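**Q** coords please:
(chains A and B)
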Protein chains: 2
Amino acid sequence: MDLQIKASDLEQAHERIKSHIHRTQVMTSRSINEFAGCSIYFKCENFQKIGAFKARGGLNAVLSLPKEERKRGVVTHSSGNHAQAVSLAAQMCGIPAYIVMPETAPEVKKKAVKGYGAEITLCKPTIQARKENANRIQQETGAFLISPYNDNNVIAGQGTAGIEFLEDTDGLDALITPVGGGGLLAGTALAAHYYSPTTKVFAGEPEGAQDTYLSMKAGKMVTVDRPDTIADGLLASMGDKNFAIIKELVEDVFLVNDEEIVAAMRLIWERMKIIIEPSCAVPMAALLKNKEKFAGQKVGIILSGGNVDLGKLPF
Amino acid sequence: MDLQIKASDLEQAHERIKSHIHRTQVMTSRSINEFAGCSIYFKCENFQKIGAFKARGGLNAVLSLPKEERKRGVVTHSSGNHAQAVSLAAQMCGIPAYIVMPETAPEVKKKAVKGYGAEITLCKPTIQARKENANRIQQETGAFLISPYNDNNVIAGQGTAGIEFLEDTDGLDALITPVGGGGLLAGTALAAHYYSPTTKVFAGEPEGAQDTYLSMKAGKMVTVDRPDTIADGLLASMGDKNFAIIKELVEDVFLVNDEEIVAAMRLIWERMKIIIEPSCAVPMAALLKNKEKFAGQKVGIILSGGNVDLGKLPF
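**A** Coordinates of the predicted model:
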């Protein structure tokens, strides 16, 4: 197995970003444990800067750029958390950030990105328009393009959540993350591989965006046309760099439907009194659908983010 | 000043209950600090057992009963958090709990109380019916009646949140709590008085249930007919035991309207990703309405609870 990202890459990423991020807490809930029939540890990346784990990958990617290259700024296209992560990182480095966002992105997200001093370019809400605009800006400005997930520095950055999680818990039998583009899943799998090889890594994925599930079954990358799920953070298709790691290190991918995702989200809101977004509830939904597999085990779940539009809740 | 509850009472209460409750964390938020113009420390009693600080008072009241007296059980009337607190405490002591609840209480609250093994008696939703039923049960069973707030053991129990808060922070200029029956406010004021006398204690109160505000102005207890506010945990009228403490030790009571309460609640949900109930948002609303008073200060806010009906959110 030839992994492109080494333990030293994860460690350097953590060293690079750790003074800029929160070391998020690990929470437990007796009533959820009773309900699930196992002992669950939740790493609360919903409390991370920008409200999601993506702060880690964005910061590592920007801070990894040589200072000369960095000066011209960074560019990305995103409607969500990655846009905020890159904007925050650029602000910290005092460099320009150019963010291409679909016109349809919620005002609250545009406002957050502007709040970090980034320059927003609005475009039609298609992946093609987003890429074209990002490429054009890159050519015009010389800024560096940062992919939301298909990037080794981003993956290594996301993996730092796993490093902390394994340091702050003891003897986890399993780790479960959501999977969209695959940055968090690949990073977590690498962290477990290097620091806790007996911990098995699983993913939860929405039925309506099951490209990782299908790719794992096929042994090669498969895409899904028109993905559709309430877990809006998981609509992206997995990147090839991510898949190279996931297919080697991830034990299994569990599918869940939107109803199961909303039920798991509500359970965590009600019992733990914390706010998580639908994408973030996917691992909990996966665990509850596969209770017998985890019975009596110590299971770690990374709560990926808490950026939810309170005006549009599914309850 | 002749305070009925001594420092030793608070300390004994803490000793009695501390292995049964969570030592809740203190959270901060840079973006909320910027917004408010001061440094705020939030003591997260929304993460407390039963989802509210009331676990403290209920436990202290039940555990303070002599074992002989305790055996016959405890009785109370409550539609909310106090019912759960007493039921939990009774379950821990292995004694019966008789809870009188209005027929109109939400199913989720009835279910929670039943979950602790308590016996529920439903009655008409008037304070008279609640009291009559509780008295009848007390006579029939010999169970001990535990008031939700007008009880020195309950007040001392609620004061343990303040003890922890002052231990876990340094040099707070001010502490703000909500006020309904006055148990948390009186307990917090006692904790500050004994352990941090330079910390001034304030309360936030809904305009629609302003009996504490009016009582402070009048220097004697004043009641409000038909209190009405979204902060459903603060509809109760202050008890005389509570007022005796509050009028001596509390600096000021700030009024806020329902709109301000909902805005403060939303701010905390969005920025901190934690769930608080409307009553719990009242101190934050009071602070934001009186920014100039707290400018640059270190302010502690007790987040009192997180039991909110997700099906009926005010957003």
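
**Q** so residue A:205, which state does it fall into?
**A** strand (DSSP: H, G, I helix; E, B strand; the rest coil).

**Q** so it sits against residue A:257, correct?
**A** No: checked against Cβ atoms under 8 Å, the pair residue A:205 and residue A:257 is beyond contact range at 10.9 Å. For the C-beta atoms, the positions are set from N, CA and C on the backbone; glycine is no exception.

**Q** more neighbours: the two, which one.
**A** residue A:205 (27 against 15; other Cβ atoms under 10 Å in any protein chain shown).

**Q** need the pLDDT of that one.
**A** Confidence at residue A:205, expressed as pLDDT, is 98.

**Q** tell me the spacing between it and residue B:43.
**A** Distance of residue A:205 to residue B:43, computed by Cβ to Cβ, to the nearest Å: 38 Å.

**Q** and stretch A:244-261, how far apart are its ends?
**A** Terminal residues of stretch A:244-261 lie 27 Å apart, using Cα to Cα, to the nearest Å.

**Q** go on, stretch A:190-208?
**A** For stretch A:190-208, the first and last residues are 26 Å from each other (Cα to Cα).

**Q** name the residues of chain A found near chain B, please.
**A** Within reach of chain B by Cβ under 8 Å from any Cβ of the partner chain, chain A has these residues: A:25, A:46-47, A:51, A:266, A:269-270, A:272-276, A:306, A:310-311, A:313, A:315.

**Q** ok, now with 7 Å
**A** Those residues of chain A that sit near chain B, judged by Cβ under 7 Å from any Cβ of the partner chain, are A:46-47, A:51, A:266, A:269-270, A:273-275, A:306, A:310-311, A:313, A:315.

**Q** including neighbour count, pLDDT and secondary structure, could these go into TSV?
**A** Listed next are the residues of chain A next to chain B as TSV, based on neighbours: other Cβ atoms under 10 Å in any protein chain shown; pLDDT from 0 to 100; DSSP: H, G, I helix; E, B strand; the rest coil:
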residue	neighbour count	pLDDT	secondary structure
A:46	26	97	helix
A:47	22	97	helix
A:51	25	94	helix
A:266	16	97	helix
A:269	20	97	helix
A:270	19	94	helix
A:273	25	97	coil
A:274	24	98	strand
A:275	25	97	coil
A:306	22	95	coil
A:310	14	90	helix
A:311	10	86	helix
A:313	16	91	coil
A:315	12	87	coil
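
**Q** got those as JSON lines, with distance to residue A:171 columns?
**A** As requested, those are exported to JSON lines (distance: Cβ to Cβ, whole Å):
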{"residue": "A:46", "distance to residue A:171": "25"}
{"residue": "A:47", "distance to residue A:171": "24"}
{"residue": "A:51", "distance to residue A:171": "30"}
{"residue": "A:266", "distance to residue A:171": "30"}
{"residue": "A:269", "distance to residue A:171": "29"}
{"residue": "A:270", "distance to residue A:171": "29"}
{"residue": "A:273", "distance to residue A:171": "27"}
{"residue": "A:274", "distance to residue A:171": "25"}
{"residue": "A:275", "distance to residue A:171": "29"}
{"residue": "A:306", "distance to residue A:171": "28"}
{"residue": "A:310", "distance to residue A:171": "38"}
{"residue": "A:311", "distance to residue A:171": "42"}
{"residue": "A:313", "distance to residue A:171": "36"}
{"residue": "A:315", "distance to residue A:171": "36"}
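
**Q** which residues does residue A:252 contact?
**A** Counting by Cβ atoms under 7 Å, 6 or more residues apart in numbering or on different chains, residue A:252 makes contact with residue A:202.

**Q** so what sits opposite it in the bridge?
**A** Counting by DSSP bridges, residue A:252 forms beta bridges with residue A:202.

**Q** from chain B, how far out is it?
**A** Applying Cβ to the nearest Cβ, to the nearest Å, the value for residue A:252 to chain B is 29 Å.

**Q** show me where the stretch 201-315 of chain A has strands.
**A** Along the stretch 201-315 of chain A, counting by DSSP state E, counting those that start in this stretch, strands occupy A:252-256, A:298-303.

**Q** most packed of those?
**A** Among the strands of the stretch 201-315 of chain A, the stretch with the highest mean neighbour count (mean count of other Cβ atoms under 10 Å in any protein chain shown) is strand A:298-303, at a mean of 25.

**Q** mean confidence score for it?
**A** 98.

**Q** contacts for it?
**A** By Cβ under 7 Å, 6+ apart, strand A:298-303 touches A:38-46, A:53, A:161, A:165, A:169, A:171-177, A:184, A:188, A:276, A:280, A:283-284, A:287.

**Q** distance between stretch A:277-297 and the chain's centre?
**A** 17 Å (Cα atoms, centre = their mean, to the nearest Å).

**Q** in chain A, which spans are helices?
**A** Secondary structure of chain A by DSSP state H: the helices cover A:7-17, A:30-36, A:54-64, A:67-70, A:81-93, A:107-115, A:127-141, A:152-168, A:183-195, A:211-218, A:240-249, A:258-272, A:278-289, A:291-294.

**Q** same list, those, but as JSON lines with distance to residue B:11 please.
**A** Below are these laid out as JSON lines (distance: least, Cβ to Cβ, whole Å):
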{"stretch": "helix A:7-17", "distance to residue B:11": "42"}
{"stretch": "helix A:30-36", "distance to residue B:11": "27"}
{"stretch": "helix A:54-64", "distance to residue B:11": "42"}
{"stretch": "helix A:67-70", "distance to residue B:11": "56"}
{"stretch": "helix A:81-93", "distance to residue B:11": "45"}
{"stretch": "helix A:107-115", "distance to residue B:11": "46"}
{"stretch": "helix A:127-141", "distance to residue B:11": "61"}
{"stretch": "helix A:152-168", "distance to residue B:11": "32"}
{"stretch": "helix A:183-195", "distance to residue B:11": "43"}
{"stretch": "helix A:211-218", "distance to residue B:11": "55"}
{"stretch": "helix A:240-249", "distance to residue B:11": "52"}
{"stretch": "helix A:258-272", "distance to residue B:11": "31"}
{"stretch": "helix A:278-289", "distance to residue B:11": "40"}
{"stretch": "helix A:291-294", "distance to residue B:11": "43"}
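
**Q** quick one: closest of the ones you listed to residue B:137.
**A** Minimum separation from residue B:137 across those (Cβ to Cβ) falls at helix A:30-36, 28.1 Å.

**Q** how about the closest one: buried residues?
**A** Buried residues in helix A:30-36, counted by 16 or more other Cβ atoms under 10 Å in any protein chain shown: A:32, A:36.

**Q** what helices and strands are in contact with that helix?
**A** The contact analysis (3 or more Cβ pairs under 7 Å, 6 or more residues apart in numbering or on different chains; DSSP states H and E) places helix A:30-36 against strand A:39-44, helix A:258-272.

**Q** of all those, which one is nearest residue B:59?
**A** The nearest among those, by Cβ to Cβ, is helix A:258-272 at 19.9 Å.

**Q** so how far is the closest one from its chain's centroid?
**A** 19 Å.

**Q** which residues make contact with it from outside it?
**A** Contacts for helix A:258-272 (Cβ under 7 Å, 6+ apart): A:27, A:29, A:31-32, A:206, A:208, A:229-231, A:274-276, A:278, A:281-282, A:284-285, A:288-289, A:314-315, B:275, B:310.
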